[in-house]
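> Return a 3D structure for these sequence lines:
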Amino acid sequence: MPDTAPYMDDDIFAQLRQDFLTDTRERLDHMESAATESEDANALLSIRREAHSIKGMAGSIGFPSITTIAHRLEDFVAELTGLSEAHASQVLVYIDCLRVIVESGRDPGDQNTATILRALPAHIHVPDSPGDFEVKAARRVEVLLIAPGRAVRQMITGELRALGFRVSAVSSPWQALELAARTQPDLVITSAVMDQLSGIDLARALRAMAATENQPLALLTSLEDTHPDLKRLPGDVAVIHLNRAVTDELGDMVTRFDLG
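Sure, this is the predicted structure:
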């Protein structure tokens, strides 16, 4: 029996699992209808609502992969102001991935989930030059960004996408710990100042876990390099200063971690 329900009767858990799969099939059908009828003004709202519901239910019933993919879909559509034909086709890719897992009745596991995530559509900003597009698109670099402040999150996300990277942004360091271990991003960037857990402590925690000990890490901070708090930062963590030179420092980080 899955660890998510260690004290639950097997028959009860099996029934809850089956109910979840049935409910999720219906929600996927609703999203697919909304995506194929993209002229409907409520299509985006419907997709967002269903993705949010699926995300909330899946983890506790033994499908962490569905939680992660639904979360990524929720983030993807959150940035859309309208559902163009191209965007609708991309949403259908997410729906198809979720449907494959639901129909199999089994979670594919963390390694397979990480592979799935890298193949999903993402918002990536690239120059008009076809040559540059080929180089950047080929990177398929997955970045996990942890930033509680909306303004910082949007600014750094934009900078990273301009480099051709795929960004998943969260505000909670606790959620970031799980995602970093489960999805194995190529780079983790965290704000230094957070309410629940500082970025320095988050970096130390990631370095202490076998699943994430070798992940490239970077810290976003307004602190001076001589600040005593930074002495607790693991030595291989890049420091990115939130100032006018942030674009250059992000570029230096790409070179340092060989992400180009």
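> Worst mean pLDDT across the helices and strands of the protein, which element?
The weakest-scoring helix or strand in the chain, judged by mean pLDDT, DSSP states H and E, is helix 130-139 (a mean of 42).
> Sheet partners, orientation included, of the next helix-or-strand element following that one?
Sequence order places strand 142-146 as the next helix or strand after helix 130-139, per DSSP states H and E. Take DSSP bridges as the rule and strand 142-146 pairs in its sheet with strand 166-170 (parallel), strand 187-191 (parallel).
> The last one - what's its average pLDDT?
The average pLDDT within strand 187-191 is 97.
> Can you name the element that comes right after it?
helix 199-208.
> who's in contact with that next one?
For helix 199-208, contacts defined as Cβ atoms under 8 Å, 6 or more residues apart in numbering pick out 146, 173, 176-177, 180, 188, 190-194, 197, 212-213, 215, 217, 219-221, 229-230, 232-234, 237. C-betas here are computed from N, CA, C, even on glycine.
> Output that helix as CSV, nothing but the C-alphas.
Provided in CSV are the C-alpha atoms of helix 199-208 (Å, rounded to 0.1, in the frame of the first residue of the first chain):
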residue,chain,number,x,y,z
GLY,A,199,17.5,30.2,0.6
ILE,A,200,20.8,29.4,2.3
ASP,A,201,19.2,26.7,4.5
LEU,A,202,17.4,25.4,1.4
ALA,A,203,20.7,25.1,-0.4
ARG,A,204,22.3,23.3,2.5
ALA,A,205,19.3,20.9,2.7
LEU,A,206,19.6,20.2,-1.0
ARG,A,207,23.3,19.5,-0.7
ALA,A,208,22.6,17.1,2.2
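> Tell me how far it lies from the chain's centre.
Averaged C-alpha coordinates place helix 199-208 at 18 Å from its chain's average position (Cα atoms, centre = their mean, to the nearest Å).
> now the angle between strand 142-146 and it, please.
Helix 199-208 runs at 140 degrees relative to strand 142-146, counting by axes from the mean of the first three to the mean of the last three Cα atoms, to 10 degrees.
> buried stuff in helix 199-208?
Buried positions in helix 199-208, judged by neighbour count with 16 or more other Cβ atoms under 10 Å: 199-207.
> now swap in stretch 244-259 and tell me
Using 16+ other Cβ under 10 Å as the test for burial, stretch 244-259 gives 246, 249-250, 253-254, 257, 259.
> follow-up on the earlier one: need the strands paired with strand 142-146 in CSV (columns: mean neighbour count).
Shown next, in CSV, are the strands paired with strand 142-146 (neighbours: other Cβ atoms under 10 Å):
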stretch, mean neighbour count
strand 166-170, 21
strand 187-191, 24
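> element containing the closest residue to residue 109 other than its chain neighbours?
Leaving out its chain neighbours, the residue that sits closest to residue 109 by Cβ to Cβ, 6 or more residues apart in numbering is residue 65, at 7.5 Å. According to DSSP H and E, residue 65 maps onto helix 64-78.
> Repeat that for residue 160.
Taking DSSP H and E as the definition, residue 160 sits inside helix 150-162.
> Using PDB, write down the CA coordinates of that helix.
The C-alpha coordinates for helix 150-162 follow below in PDB (Å, rounded to 0.1, in the frame of the first residue of the first chain):
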ATOM      1  CA  ARG A 150       6.000  38.000  -7.400                       C
ATOM      2  CA  ALA A 151       8.100  40.800  -8.900                       C
ATOM      3  CA  VAL A 152      11.400  38.900  -8.500                       C
ATOM      4  CA  ARG A 153       9.800  35.700  -9.700                       C
ATOM      5  CA  GLN A 154       8.600  37.300 -12.900                       C
ATOM      6  CA  MET A 155      11.800  39.200 -13.600                       C
ATOM      7  CA  ILE A 156      14.100  36.200 -13.200                       C
ATOM      8  CA  THR A 157      11.700  33.900 -15.100                       C
ATOM      9  CA  GLY A 158      11.800  36.400 -18.000                       C
ATOM     10  CA  GLU A 159      15.600  36.500 -17.900                       C
ATOM     11  CA  LEU A 160      15.900  32.700 -17.900                       C
ATOM     12  CA  ARG A 161      13.400  32.300 -20.700                       C
ATOM     13  CA  ALA A 162      15.400  34.800 -22.700                       C
END
